[in-house]
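Chemist: sequence and predicted structure are below.
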There are 2 protein chains.
Amino acid sequence: MEKNMITIAHGSGGTATSKLIEQIFKKHFCNDILSQGDDSARLDIGDARNLVFTTDSFVVTPIFFNGGNIGKLAVCGTVNDLATSGAKPLYLSCGFIIEEGFDIEELERIVEAMGATAKECGVKIVTGDTKVVQKGAADKVFINTSGIGILPDGVNISGRNAKVGDKIIISGTIGDHGSSIFLERESIGFNANIKSDCAPLSGMVQDILSVVPEVHVLRDPTRGGVATTLNEIAVQSNVSILIREDSLPVKREVQGVCELLGMDPLYMANEGKMLCFVGEDKADTVLEALRNNKYGKDARIIGEVTEEGQPKVLLKALSGGSRIISVLAGDQLPRIC
Amino acid sequence: MEKNMITIAHGSGGTATSKLIEQIFKKHFCNDILSQGDDSARLDIGDARNLVFTTDSFVVTPIFFNGGNIGKLAVCGTVNDLATSGAKPLYLSCGFIIEEGFDIEELERIVEAMGATAKECGVKIVTGDTKVVQKGAADKVFINTSGIGILPDGVNISGRNAKVGDKIIISGTIGDHGSSIFLERESIGFNANIKSDCAPLSGMVQDILSVVPEVHVLRDPTRGGVATTLNEIAVQSNVSILIREDSLPVKREVQGVCELLGMDPLYMANEGKMLCFVGEDKADTVLEALRNNKYGKDARIIGEVTEEGQPKVLLKALSGGSRIISVLAGDQLPRIC
């Protein structure tokens, strides 16, 4: 029985650690750089001058959910953070913290999903680390992924670049990931089949940038949802933003769950969506590029940047009135990612 | 009281998270790149073509110990992994997983140590992430640091480069970190003042490489200690290694604790030591460079690479006999780093 469980020895840096690396990690992350076997990976980045670098730890519960698992999420989350800068993601690291007694078969399913997702977006997982803590000192498994991407010359995408007149586009329906995790966790007697939107968006971003390199802002609305992300951008760019409730794409099941629970899809996490700010004259071209990508079929314009100064986000409600949408203050749902 | 504790809201990505970033992280990690506020950091790496990239998660317990804390360790560990490749460490990421209820003042002491250590070795902490899990889902705080360094042209240091005739140098006394953590954790009625050797070694490595760029192997003997690290190198380079017990620098208190507990300093973790393999003709120059650095005062030659093939590590014991020193099989001491 013990052979199918993670033991403290798997985190010792000795024989058991080496076996785990050979039999699980190298098998699914297979690439020439990882195989070097030194404590750090050497990367030839050619004549790139500008890199982007990001990190995220993943503590989602449950670790397997409708539409993905913590491993797929860990690759998507970091790839998407790189993609929002306009960079092409190239290399990932992964750091595992595993609770003693964790099922090695479950670990392999997680690692397999990481390998497959990395392959889909052409990134290599080149360096890693495994720690094991005693039973009760962590909840199953936590994963950190850090990522490096290369920024093409001339690309200048940042939350500080929103401009008055910019159209704001969302690449698809909102709140899917948050609602899916909620349904997995709680028995609310609501039998909806809501799948997390967890997806790597670097290909979709490249599709946009190949036709409209002048995109101003890209950001993935994860924790805190679209409302929080738009507020961050409003502050960074010192602008007011208006979005229209009747333009927000929300799946009927997601709307249903949110209504039942008194939650707002605008604050629900997404893990496969992108917000894009672009000059009005380019908005249709971006929309078309998005809709031609499998992850952007439901892309829509949801609002615009209305004025400089007084950073805020206004929602024009279905009822006709407007109200200020602020940053998420508490936490609707812990451990969503 | 609540204001001094980490709450679930600090991990929400909303207001509380922003405050934590402003008041704790930005205060101690202060640099122009971190201040950009986007999801990934942009790095200008000039005309570098070769990067090194590494990651480590830190789960040490206790989080504060004689000679350091988990934050200092998290910076040293990753800086040292970069340094062992011969690279100049430049940028770090940090990912925190914090247990709900954790004392914010303790968090600040940890973050402060990270900032000070990063400053000492001239690296910038440029991107980060904070997750909070419910009480009981993690043990206080775990930290991942990933790092990027630039490899100068012509440097070729790897565990695969050990050559017959190479002298093996250790930069100082062994087993200090492991013994120190052990003493912190266990009441063994042994009143020794053993300080962890936790230190950033990038400056010391630069000192060596500035006089002897032809170093073959550098590696920091952390988890599994000198014995495990030498075995890894023996396998990577397919060579046999001989070390002499009477050459191993071990502090008297460390030796005492190890004898009392039936442990071997060769397997105890170090967090501020470097193993260096170099051609015999350069060994004295490396030794001198090491001894002129504050972290290398006790540097000594402990053995040599004896033959090709049949990777193994032999210890010539004080008694005169020789025995094979294998990789750490179980785990002497979990959560040492």
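Modeler: Here it is on my side, so go on. Residues are numbered from 1 along each chain as shown, chains lettered A, B, ... in the order given.

Chemist: not counting sequence-adjacent ones, nearest residue to residue A:213?
Modeler: Counting by Cβ to Cβ, 6 or more residues apart in numbering or on different chains, residue A:213 lies nearest to residue A:155, which is 6.4 Å off, once chain neighbours are set aside. C-betas here are computed from N, CA, C, even on glycine.

Chemist: for residue A:30, same thing?
Modeler: Of all residues not flanking residue A:30 in the chain, residue A:115 sits nearest, at 7.5 Å (Cβ to Cβ, 6+ apart).

Chemist: and that neighbour, how far from chain B?
Modeler: 17 Å (Cβ to the nearest Cβ, to the nearest Å).

Chemist: can you tell me the SS state at that residue?
Modeler: helix (DSSP: H, G, I helix; E, B strand; the rest coil).

Chemist: check contacts around it.
Modeler: Taking Cβ atoms under 8 Å, 6 or more residues apart in numbering or on different chains, we find residue A:115 in contact with A:28, A:29, A:30, A:125.

Chemist: ok, the third one - how many residues close by?
Modeler: Read it as residue A:30. 13 (other Cβ atoms under 10 Å in any protein chain shown).

Chemist: check which helix or strand the residue nearest to residue A:213 maps to.
Modeler: Assigned by DSSP states H and E, residue A:155 falls within no helix or strand.

Chemist: then residue A:209?
Modeler: Per DSSP H and E, residue A:209 falls inside helix A:202-211.

Chemist: any residue of that helix touching chain B?
Modeler: No: using Cβ under 8 Å from any Cβ of the partner chain, helix A:202-211 never reaches chain B; the gap is at least 12.1 Å.

Chemist: burial of the nearest residue to residue A:14 once chain neighbours are set aside, as a residue count?
Modeler: Nearest residue to residue A:14, sequence neighbours excluded (Cβ to Cβ, 6+ apart): residue B:328, at 3.4 Å. Residue B:328 has 25 neighbours, counted by other Cβ under 10 Å.

Chemist: how far away is residue B:328 from residue B:254?
Modeler: Per Cβ to Cβ, to the nearest Å, residue B:328 is found 17 Å from residue B:254.

Chemist: parallel or antiparallel, list what pairs with the lengthiest strand in chain A.
Modeler: Assignment by DSSP state E gives strand A:88-99 as the longest strand of chain A. Strand partners for strand A:88-99, identified by DSSP bridges, are recorded as strand A:124-133 (parallel), strand A:141-150 (antiparallel).

Chemist: just put those in JSON lines and tack on mean pLDDT and mean neighbour count.
Modeler: Converted to JSON lines, these look like this (pLDDT from 0 to 100; neighbours: other Cβ atoms under 10 Å in any protein chain shown):
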{"stretch": "strand A:124-133", "mean pLDDT": "96", "mean neighbour count": "25"}
{"stretch": "strand A:141-150", "mean pLDDT": "97", "mean neighbour count": "28"}
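
Chemist: want to throw these into JSON lines with distance to residue B:146?
Modeler: Output for the strands paired with strand A:88-99, formatted as JSON lines (distance: least, Cβ to Cβ, whole Å):
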{"stretch": "strand A:124-133", "distance to residue B:146": "8"}
{"stretch": "strand A:141-150", "distance to residue B:146": "4"}
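
Chemist: closest one to residue B:58 among those strands?
Modeler: Nearest to residue B:58 among the strands paired with strand A:88-99 is strand A:124-133 (7.7 Å), distances taken as Cβ to Cβ.

Chemist: send me the closest one as CSV with only the CA atoms.
Modeler: This file holds the C-alpha atoms of strand A:124-133, laid out as CSV (Å, rounded to 0.1, in the frame of the first residue of the first chain):
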residue,chain,number,x,y,z
LYS,A,124,8.6,23.7,-21.6
ILE,A,125,8.6,22.9,-17.9
VAL,A,126,12.4,23.1,-17.3
THR,A,127,13.0,23.1,-13.6
GLY,A,128,11.2,21.9,-10.5
ASP,A,129,11.2,21.1,-6.8
THR,A,130,9.3,18.7,-4.5
LYS,A,131,8.8,19.2,-0.8
VAL,A,132,6.8,16.8,1.3
VAL,A,133,5.3,17.9,4.7
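
Chemist: what's the pLDDT at the residue nearest to residue A:14?
Modeler: For residue B:328, the pLDDT comes out at 75.

Chemist: so it makes contact with residue B:228?
Modeler: Yes: contact status for residue B:328 versus residue B:228: in contact at 4.7 Å, counting by Cβ atoms under 8 Å.

Chemist: off-centre distance for stretch A:12-21?
Modeler: Here the centre of mass of C-alpha atoms in stretch A:12-21, compared against the chain's by Cα atoms, centre = their mean, to the nearest Å, lies 30 Å away.

Chemist: next one: stretch A:287-295
Modeler: 18 Å.

Chemist: over to stretch A:122-136?
Modeler: The chain centre lies 19 Å from the centre of stretch A:122-136; the measure is Cα atoms, centre = their mean.

Chemist: so for the helix or strand where residue A:105 lies, what gets flagged as buried?
Modeler: According to DSSP H and E, residue A:105 maps onto helix A:104-120. Buried residues in helix A:104-120, counted by 16 or more other Cβ atoms under 10 Å in any protein chain shown: A:104, A:106-115, A:117-120.

Chemist: how about the residue in the stretch 151-300 of chain A that chain B sits nearest to, nearest residue that isn't a chain neighbour?
Modeler: Nearest to chain B, among the residues of the stretch 151-300 of chain A, is residue A:223, at 3.0 Å (Cβ to the nearest Cβ). Once flanking residues are discounted, residue A:223 sits nearest to residue B:13: 3.0 Å by Cβ to Cβ, 6+ apart.

Chemist: need the overlap of contacts for residue B:328 and residue B:228.
Modeler: With Cβ under 8 Å, 6+ apart, residue B:328 and residue B:228 have common neighbours A:13, A:14, B:267.

Chemist: relative to residue A:191, which of those residues is nearest.
Modeler: Residue A:191 has its nearest neighbour among those in residue A:13, at 46.9 Å by Cβ to Cβ.

Chemist: just the pLDDT at the closest one, thanks.
Modeler: For residue A:13, the model assigns a pLDDT of 80.

Chemist: give the contact list for the nearest residue to residue A:164 once chain neighbours are set aside.
Modeler: Nearest residue to residue A:164 in three dimensions, chain neighbours excluded: residue A:305, at 5.3 Å (Cβ to Cβ, 6+ apart). By Cβ under 8 Å, 6+ apart, the contact set of residue A:305 is A:162, A:163, A:164, A:165, A:166, A:168, A:237, A:239, A:240, A:241, A:277.

Chemist: highest neighbour count among these?
Modeler: Within the contacts of residue A:305, residue A:277 tops the neighbour count with 28 neighbours, counted by other Cβ under 10 Å.

Chemist: same for the helix holding residue A:209, what does it pack against?
Modeler: Judged by 3 or more Cβ pairs under 8 Å, 6 or more residues apart in numbering or on different chains; DSSP states H and E, the packing partners of helix A:202-211 are helix A:70-83, strand A:88-99, helix A:283-291.

Chemist: quick one, the longest one and helix A:104-120 angle?
Modeler: Helix A:70-83 and helix A:104-120 meet at an angle of 30 degrees, taking axes from the mean of the first three to the mean of the last three Cα atoms, to 10 degrees as the criterion.
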